[in-house]
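J.: I would like the atomic coordinates for the input below:
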Amino acid sequence: MGQNSLLFSIFISTLSLLPLKFVKAQDSPIPQPSQAPLELELLTNPKTNLKDNSKDNIITANTIYQEQLTVPSLWWAQEQSENKLLDNWIAYPAKNSQPGRVDLIVNEQIWNVLDYLERYKFVNRLGSVARTYGYNTRVFNYEKEPLATYTCNLNLSTPLCDIDMNVTGLIINPSVPQN
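T.: Here you go, the predicted model:
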């Protein structure tokens, strides 16, 4: 009986790591993750460092608002990131009926050391933070390889979200216009 109780406790505690709601893929009102390319060059572009000079209101971890809090604000989440897993991010505002998105760039050496649940917890935590600002999330390494997505239908009163930790088949199309 003790072993069954332990397994049940582990099962219940794992439930807190799951997405907000489950829906069948074919019935899903959750949009597909953005296919737009990751633009790492924005991290070194001085025009994205000051809000007044930013390109199309794109925000990076280096963007500084002089008058107000920068949105989305992922600095605290980055500071709390396990073992400095989160290296940087690029936030693209909503455009042309596409929701905003945050592309997280992780330290691949640390990412590879984490097990599935640790990665899931990281994606869920940062995706939830980004969702509160109205953004979907994608996770990449510096080789621009997609590692995970956190995508929500933000138009619902209770957003429906999906976390995909198996995005190796996701093809980021460089010809898709930026949103």
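J.: can you pull out the strands in this structure?
T.: Secondary structure of the chain (DSSP state E): strands at 59-60, 86-92, 100-106, 135-140, 146-153, 160-164.
J.: Same list, these, but as TSV with distance to Arg119 and mean pLDDT please.
T.: The C-beta positions use only the backbone N, C-alpha and C, and glycine is treated the same way. Shown next, in TSV, are the strands of the chain (distance: least, CB to CB, whole Å; pLDDT from 0 to 100):
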stretch	distance to Arg119	mean pLDDT
strand 59-60	23	73
strand 86-92	12	88
strand 100-106	9	93
strand 135-140	8	95
strand 146-153	7	94
strand 160-164	10	92
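J.: Show me what counts as buried in stretch 147-155.
T.: For stretch 147-155, a neighbour-count test (16 or more other CB atoms under 10 Å) marks 147-154 as buried.
J.: actually stretch 111-125, sorry about that
T.: For stretch 111-125, the buried set under the neighbour-count rule, 16+ other CB under 10 Å, comprises 111, 114, 119-120, 122-125.
J.: Low-confidence regions, the protein specifically.
T.: Within the chain, the segments meeting pLDDT under 70 span 1-28, 45-56, 61-83, 167-179.
J.: Do a quick rundown of the helices in it.
T.: Along the chain, counting by DSSP state H, helices occupy 2-15, 75-80, 108-113, 116-132.
J.: which helices and strands sit right next to the longest one?
T.: So that's helix 116-132. Judged by 3 or more CB pairs under 8 Å, 6 or more residues apart in numbering; DSSP states H and E, the packing partners of helix 116-132 are helix 75-80, strand 86-92, strand 100-106, strand 135-140, strand 146-153, strand 160-164.
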